[in-house]
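Peer 1: Mind looking at a prediction? Sequence and model below.
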Amino acid sequence: MRDVSNGMNDFYRRLLKDGYKSEDVQPALRQVERIVRMEQVKREIYSCTDCPLCTDGKGKVPGTGNTGTPFMIVGEGPGEDEEAWGLPLVGISGSLLTLILEKAGIKREKIYMTNVVKCRATDEKGKNRAPVHEEVATCGKYLQMELAIVKPAVVLALGKIALQFFFPDMKTMSGHRGNVYEYDGIKVIPTWHPAYVVRQHGESLEKAKREVWADLKKAIQCAKTD
Ligand code: SF4
């Protein structure tokens, strides 16, 4: 496959020769380069057989959204609906998240959403389960690639698996949720996974919703001020 950077350098030189200004050309080419690189990552994911989840899951679920955003949301892994539709965070919990984002004035297509693990993890009864350490360690390379392409200012990390991808020593969400941490120059704010929120009832549900709302607002603020 043709090297993206070499291709972009060729386009850059040709556009300058045609009289375009460098300051106009560079942002456009960076945008195209991000899109091409992300497409290459998606292709790698679609053909990946690197861990046993490949045989469990029918479909691969790469990230989706705006590759030029300062704001990325990282979940755990695809559930049944995500696997069926091939998109991250589109089931009940993804719909709740989209609702919360809308209330905060954010269109989901303006940001980038992805998961730590790209194939669905299931138990012996076919129910969703959390990916185990080896699966996260094997699949994490794709999230690293996505982070390197998007270079977000802020990541909202949904749930314990996402938190531990960034900070393996943080064993539980409580005590870390809502704090702003630093990972490779990216601000990472852990919050409850919406799948956890939808399992709550009564006052626990209200509390979880309030906390996710506060964490989201904090993440938006960080993305704006970076
Ligand atoms: S979970 Fe990740 S590493 Fe495992 S097969 Fe799927 S894409 Fe490959």
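Peer 2: Okay, I see it. Numbering: from 1, shown residues only.
Peer 1: Show me the residue sitting in the middle of the chain in space.
Peer 2: The structure's the chain has its C-alpha centroid closest to T114; by C-alpha atoms, centre = their mean the separation is 2.8 Å.
Peer 1: Would you tell me what helix or strand that residue is located in?
Peer 2: strand 112-115 (DSSP states H and E).
Peer 1: I'd say G159 and A195 touch.
Peer 2: Yes. Using C-beta atoms under 8 Å, G159 is in contact with A195, at 7.4 Å. Heads up, the C-betas are built off the backbone N, CA and C, glycines and all.
Peer 1: Between those two, point out the one with more neighbours.
Peer 2: Using other C-beta atoms under 10 Å as the criterion, G159 and A195 rank with G159 on top: 23 against 20.
Peer 1: Please name the nearest non-neighbouring residue to that one.
Peer 2: Distance criterion C-beta to C-beta, 6 or more residues apart in numbering; nearest residue to G159, sequence neighbours excluded, is H193 at 3.1 Å.
Peer 1: Tell me the confidence at that neighbour?
Peer 2: At H193, the model reports a pLDDT of 94.
Peer 1: From Q221, how far off is it?
Peer 2: H193 is 21 Å from Q221, where distance means C-beta to C-beta, to the nearest Å.
Peer 1: Next secondary structure element downstream of the helix or strand bottoming out on mean pLDDT in the chain?
Peer 2: Within the chain, no helix or strand scores below helix 53-56, which has a mean of 76 by mean pLDDT, DSSP states H and E. For helix 53-56, the succeeding helix or strand toward the C-terminus, using DSSP H and E, is strand 64-65.
Peer 1: and for stretch 83-91, what are the contacting residues?
Peer 2: By C-beta atoms under 8 Å, 6 or more residues apart in numbering, the list of residues contacting stretch 83-91 from outside reads 57-64, 73, 75, 78-82, 94, 97-98, 113-115, 119-120, 194.
Peer 1: Which among those residues count as buried?
Peer 2: 57, 60-64, 73, 75, 78-79, 81-82, 94, 97-98, 113-115, 119-120, 194 (16 or more other C-beta atoms under 10 Å).
Peer 1: Out of these, which are close to the ligand?
Peer 2: With C-beta under 6 Å from any ligand atom as the criterion, the buried ones among the contacts of stretch 83-91 include 60, 119 near the ligand.
Peer 1: So which bits of the helix or strand following the strand holding T114 are buried?
Peer 2: Downstream of strand 112-115, the first helix or strand assigned by DSSP H and E is helix 133-150. Using 16+ other C-beta under 10 Å as the test for burial, helix 133-150 gives 135-136, 138-139, 142-143, 145-147, 149-150.
Peer 1: Same check on stretch 32-45?
Peer 2: Of all the residues in stretch 32-45, those buried under the rule 16+ other C-beta under 10 Å are 33-34, 36-38, 41-42, 44-45.
Peer 1: Likewise for stretch 185-196?
Peer 2: Buried residues in stretch 185-196, defined by neighbour count with 16+ other C-beta under 10 Å: 186-196.
Peer 1: Relative to A104, which of those residues is nearest.
Peer 2: Compare each of the buried residues of stretch 185-196 with A104 using C-beta to C-beta and the shortest gap goes to T191, at 12.6 Å.
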